[in-house]
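Student: Sequence and predicted structure below; questions after.
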Number of protein chains: 2
Amino acid sequence: MIRVVVAEDQAAVRAALVLILRSDPGLEVVGEAADGEQAVRLALELRPDVVLMDVQMPRMDGVAATRQVVEAGAGQVLMLTTFDLDEYVYGALRAGAAGFLLKDLEADALIEGVHTVARGDGILAPSVTRRLIGTFARPGRPDQPKAREAVEALTPREREVLACLGGGLSNGEIAERLEMAEATTKTHVSRILAKLELRSRVQAAILAQDLGLVAR
Amino acid sequence: MIRVVVAEDQAAVRAALVLILRSDPGLEVVGEAADGEQAVRLALELRPDVVLMDVQMPRMDGVAATRQVVEAGAGQVLMLTTFDLDEYVYGALRAGAAGFLLKDLEADALIEGVHTVARGDGILAPSVTRRLIGTFARPGRPDQPKAREAVEALTPREREVLACLGGGLSNGEIAERLEMAEATTKTHVSRILAKLELRSRVQAAILAQDLGLVAR
DNA sequence: AGGGGGCTACATCGAAGGATGCACCGCCGG
DNA sequence: CCGGCGGTGCATCCTTCGATGTAGCCCCCT
């Protein structure tokens, strides 16, 4: 049984959502919230599998609430909105939402979405998917499987250093974090630059970023 | 009526796909290809609405074929694969694919996918969606409206320099491109670092990347 | 055992980066 | 008119970076 908390400020819409969810015997609505703060409180208390969260809510917006729920590991968050504005989508995804659907969806699409995020997958409204793909594939991030391969060819230690470069760290900071002499860090950086055919740590950092290699 | 070309090297699988597609009265399979080259030729000739493309194919792989089809504007490409390996997914999406599905899907999911990409939206297998979201929302890309504001506060010249930093250029290269002395470039870089509260050009480059400020 | 070869490590030194002080110019308000 | 101010530009000085040479180490190989 998948346990769901519904967070939505408009009572009528919330009621409709609950009704839809209840129509699936595999879902159980364990709580309802009318604002973001309440949503977070409920999620922390009830530890549901999924929180269905509206973007716009009083007291704390859905994105901020999502961040808190995700950080606490208190369930997967599936966001809902009326308009698929970029700010909402990106904000929500960065906040850790597992999915993003528009309110114009069919009942069974919603139910399927809840099941999808409950098992750890992601789901997006088709129009959002298209834009996300576009953003991801935007020029200026020339994927190069080549780059990925080249990075695979690095030694483990070198990859660690590369990740630090991706985090914007200096040689000294890298040395401290990885517990080696600064001189050693330099060796690794040099090797990385040579292997990846780059001319400076800046380019290495950019490449690391593109590949998601970022030490924090 | 949505016109579809099916590109898949294994005859049995291709036959199955065609059968599934034909079961929907809104779809018409106008061509079949057994390798990438043939797929591109067919697409250019028939200008279908959608090309259903396998990733692994002889003579030209699906990613390369996708790139050509997309560049020619010869239809939306929906990619299919057995395994959702990163290389495939990222490569396909950057090549311009409108969607990416796994072969373990249900017949109606495939049909729905074709309709979705035909109307210009995107579609991804749920597991792929999750990873794409993760990549997109990965730490190190804190979309920070703050950062954007701060960058707005830079002078025009400084923004130009920042864009060059985002491109991974050295001071010397920046000086050449913007036609100023290297010493001047350094001044601007210093000012940028101060204003954005960064400690090195590497961090500035990463920030510029996140904001899409990239000189090429 | 002996001998590569790859990984990690460190020191040295010339090159690039970054902070700082200062000059010039155009603009605005007094 | 002129004094201030923000943007731009350059030179100086110290720091950090990056290339290079070398060494210990471990593992594999024959």
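Tutor: That came in fine, so what should we check first? Numbering: from 1, shown residues only, chains lettered A, B, ... in the order given.
Student: Pop out the phi and psi values for the residue nearest the centre of chain A.
Tutor: Residue closest to the average C-alpha location in chain A (C-alpha atoms, centre = their mean): residue A:96, at 3.8 Å. As for residue A:96, its main-chain torsions (degrees, to the nearest 10) stand at phi 110, psi 10.
Student: Would you mind measuring from it to DNA strand D?
Tutor: Note on residue A:96: its distance to DNA strand D, by C-beta to the nearest atom of the strand, to the nearest Å, is 31 Å. The C-beta positions use only the backbone N, C-alpha and C, and glycine is treated the same way.
Student: Just give the closest residue to that residue, not the sequence neighbours.
Tutor: Leaving aside its sequence neighbours, residue A:96 sits nearest to residue A:70 (C-beta to C-beta, 6 or more residues apart in numbering or on different chains; 3.3 Å).
Student: tally of neighbours for that neighbour?
Tutor: Residue A:70 has 19 neighbouring residues, counting by other C-beta atoms under 10 Å in any protein chain shown.
Student: gap between the residue of chain A most remote from its centre and residue A:200?
Tutor: Distance from the C-alpha centroid of chain A, by C-alpha atoms, centre = their mean, peaks at residue A:183 (36.3 Å). Residue A:183 is 19 Å from residue A:200, where distance means C-beta to C-beta, to the nearest Å.
Student: Pull the contacting residues for the residue nearest to the centre of chain A.
Tutor: A:66, A:67, A:70, A:71, A:77, B:137 (C-beta atoms under 8 Å, 6 or more residues apart in numbering or on different chains).
Student: wait, is the first one part of a helix?
Tutor: Yes: the secondary structure assignment for residue A:66 places it in a helix, going by DSSP: H, G, I helix; E, B strand; the rest coil.
Student: and it, how far is that from residue A:88?
Tutor: From residue A:66 to residue A:88 the distance is 11 Å (C-beta to C-beta).
Student: With the fourth one instead?
Tutor: Counting by C-beta to C-beta, the separation of residue A:71 from residue A:88 is 19 Å.
Student: between these two, which one's more packed in?
Tutor: Looking at residue A:71 and residue A:88 with other C-beta under 10 Å, you find the greater number of neighbours at residue A:88, namely 20 against 11.
Student: So for the more buried one, what's the pLDDT?
Tutor: Note on residue A:88: pLDDT of 71.
Student: Please look at it and residue A:55 and confirm they touch.
Tutor: Yes: between residue A:88 and residue A:55 there is a contact under C-beta atoms under 8 Å: 5.0 Å.
Student: Mind listing the shared neighbours of these two?
Tutor: A:63, A:79, A:81.
Student: What is the nearest of those residues to residue A:11?
Tutor: Residue A:11 lies nearest to residue A:81 out of these, by C-beta to C-beta, at 17.7 Å.
Student: contacting residues for residue A:105?
Tutor: A:113, A:125.
Student: With residue A:173 instead?
Tutor: With C-beta under 8 Å, 6+ apart, residue A:173 has these contacts: residue A:164.
Student: pretty sure it belongs to a helix, no?
Tutor: Yes: judged by three-state DSSP, residue A:173 forms part of a helix.
Student: Just the element for residue A:88, please.
Tutor: Assessed by DSSP states H and E, residue A:88 sits inside helix A:86-95.
Student: So which other helices or strands are in contact with that helix?
Tutor: helix A:62-71, strand A:76-81, strand A:99-102, helix A:126-136, helix B:126-136 (3 or more C-beta pairs under 8 Å, 6 or more residues apart in numbering or on different chains; DSSP states H and E).
Student: Quick check: which of those is nearest to DNA strand C?
Tutor: When those are compared by C-beta to the nearest atom of the strand, helix B:126-136 sits nearest DNA strand C, at 25.5 Å.
Student: so how many other residues sit close to the nearest residue to residue A:174 once chain neighbours are set aside?
Tutor: In space, and not counting its chain neighbours, residue A:174 is closest to residue A:164: 4.3 Å by C-beta to C-beta, 6+ apart. Residue A:164 has 27 neighbours, counted by other C-beta under 10 Å.
Student: All set, thanks.
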